[in-house]
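**Student:** I'd like to go over a predicted model; first the sequence, then the structure.
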Amino acid sequence: MKKKLTVLILLILAAILMTACQAIPGRAASANASGAAAPAVLEPSPTPQATAVKAAAVESTAVEPKTQILPTDDPAERVEQDVTQAAEAYFNAVSAGNSESAADILSSYSLMVFQLTRGDAAEALQAQKIAGVRWADLQILEVQPFDDQTVLVHVSYSETGRAAETTHASATPTPAPAQTEAVETIEALWPMRLERGEWRYNWNNVIDFRTLDADAQTMSGITILPTQLTRYSDRIELSMLIQNRTNEVVVFGQANEILGTFYFGDETVIAEKTQWILNPLRAVPFATLEIKGLFTDLPDKVEIRKWINYNVEPWYSFQMQ
């Protein structure tokens, strides 16, 4: 009887232990640690709002690539860019009153033409500044090639501080007392010259010049010797040495005469009206005649003092070649 009771108790205890093992989930996890694969952990699906917030966070941390302007491969466009930058640099230096910086942008060629140093040019620019002249509102209207070394930049800007007092619009400052303040719009062709790989502004808008080898001619005691043709972006200028070898005052440029006629092949251009008053036994070393405009060629002949109402030869005729 005791043996049957003992067996019954053992069976009841075994049933209780088996039921307890199935009710504890941690035992299964412990069993997996012995080598079986762990069950996958499922995360809840993100809501649309959470997805938008996450995308915004990623976008905010992204670095936008910088836009880089690369030099053009077109040689003509590259020249235009470089020339424009040089013209702007000269204008900005003058308008800011940085005379020495502006003088550094001048071409050595143009300084040689006028027999100036960079220091001379800086002093002239400084005199303009002291006189109260100011430049502003630069516009680059056009860039056009002229020759292998020269490009013309069509500029427009306002000048404040003095009324117009020269016969031509020029970027050359003139040391002078301040005039009645006025605002004037200046349009000019700035010649930019290529020197040692850099574009530089030509002082006083000069383009080039030609030294003349003509012989002096004398008529009625007046001797004229042409010395130089100088081409600017708005005119050509003929320089001469004139000597009055008489004992009387002689006047050239009267109403009944054409003082100068320039020949370009078959084309003629009349010089600007001017008058020379030649004192007795005196020389005029820097007499000039001018024709207005931009000329792609230099004249090949000049006639001086031709009478209007008389069919006679001019007093002087010079070949410019």
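**Tutor:** Yep, it's here.
**Student:** Tell me, please, the helix or strand in the chain that averages the lowest pLDDT.
**Tutor:** helix 26-32 (a mean of 40; mean pLDDT, DSSP states H and E).
**Student:** Sketch out the low-pLDDT regions of the protein for me.
**Tutor:** Applying pLDDT under 70 to the chain flags residues 1-72, 162-181.
**Student:** go again using 80 as the cut-off
**Tutor:** Residues of the chain that meet the criterion pLDDT under 80 lie in 1-73, 162-181, 321.
**Student:** Tell me where it has helices.
**Tutor:** 2-23, 26-32, 48-61, 75-95, 99-104, 108-113, 118-130 (DSSP state H).
**Student:** What sits closest to K306 if chain neighbours are left out?
**Tutor:** Among residues not flanking K306 along the chain, P314 sits closest, at 3.9 Å (C-beta to C-beta, 6 or more residues apart in numbering). Just so you know, the C-beta spots here come from the backbone N, C-alpha and C atoms, and that holds for glycine as well.
**Student:** How about the contacts made by that neighbour?
**Tutor:** Residues near P314 by C-beta atoms under 8 Å, 6 or more residues apart in numbering: T261, E303, I304, R305, K306.
**Student:** Check A122 too.
**Tutor:** S99, E100, A102, A103.
**Student:** Identify the residue spatially nearest to it, adjacent ones excluded.
**Tutor:** A103 (4.0 Å).
**Student:** Let me know whether that neighbour touches L116 as I believe.
**Tutor:** No: the criterion here is C-beta atoms under 8 Å, and A103 misses it with L116 at 9.4 Å.
**Student:** Of these two, which one has the most company?
**Tutor:** The neighbour comparison of A103 against L116 (other C-beta atoms under 10 Å) goes to A103, with 24 against 18.
**Student:** check contacts around the more buried one.
**Tutor:** R118, G119, A121, A122, L125.
**Student:** I'd like those residues as CSV, with distance to R282 appended.
**Tutor:** Formatted as CSV, those follow (distance: C-beta to C-beta, whole Å):
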residue, distance to R282
R118, 35
G119, 33
A121, 32
A122, 35
L125, 34
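**Student:** Please indicate which of the contacts of A122 are buried?
**Tutor:** Among the contacts of A122, those scoring as buried are S99, A102, A103 (criterion: 16 or more other C-beta atoms under 10 Å).
**Student:** what about the residue nearest to the first one when sequence neighbours are not counted, neighbour count?
**Tutor:** What it means is S99. With C-beta to C-beta, 6+ apart as the criterion, S99 has its nearest non-adjacent residue at 3.9 Å, and that residue is L125. By the criterion of other C-beta under 10 Å, L125 has 24 neighbours.
**Student:** and what of the one 4 residues further on?
**Tutor:** Here the count is done by other C-beta under 10 Å, and K129 has 18 residues near it.
**Student:** For the nearest residue to it once chain neighbours are set aside, give me the backbone phi and psi.
**Tutor:** With C-beta to C-beta, 6+ apart as the criterion, K129 has its nearest non-adjacent residue at 4.7 Å, and that residue is G97. Phi and psi for G97, reported as degrees, to the nearest 10, are phi 80, psi 20.
**Student:** ok, G97 to R134 distance?
**Tutor:** 9 Å (C-beta to C-beta, to the nearest Å).
**Student:** Just confirm V284 contacts S239, I think it does.
**Tutor:** No: V284 is beyond contact range of S239, at 10.7 Å (criterion: C-beta under 8 Å).
**Student:** so S317 sits right up against K301, yeah?
**Tutor:** Yes: in this structure S317 lies within contact range of K301 using C-beta under 8 Å: 6.8 Å.
**Student:** what touches both of these two?
**Tutor:** By C-beta under 8 Å, 6+ apart, no residue touches both S317 and K301.
**Student:** Distance across stretch 89-108, terminal residue to terminal residue?
**Tutor:** 17 Å (C-alpha to C-alpha, to the nearest Å).
**Student:** wait, I meant stretch 284-304
**Tutor:** Stretch 284-304: ends 16 Å apart by C-alpha to C-alpha.
**Student:** got the buried residues for that stretch?
**Tutor:** V284, A287, T288, L289, E290, I291, F295, L298, P299, V302, E303, I304.
**Student:** before we move on, what about stretch 242-251?
**Tutor:** I242, Q243, N244, V250.
**Student:** distance between stretch 291-300 and the chain's centre?
**Tutor:** Put simply, stretch 291-300 sits 25 Å off its chain's centre (C-alpha atoms, centre = their mean, to the nearest Å).
**Student:** Please apply the same query to stretch 217-236.
**Tutor:** So, by C-alpha atoms, centre = their mean, the centroid of stretch 217-236 is 34 Å from its chain's centroid.
**Student:** I'd say M192 and A87 touch.
**Tutor:** Yes: with contact defined as C-beta under 8 Å, M192 counts as touching A87 (6.2 Å).
**Student:** what sits against V79?
**Tutor:** P145, V151.
**Student:** From S156, how far off is it?
**Tutor:** For V79, the distance to S156 equals 21 Å [C-beta to C-beta].
**Student:** And for A188, the neighbour number?
**Tutor:** A188: 19 neighbours (other C-beta under 10 Å).
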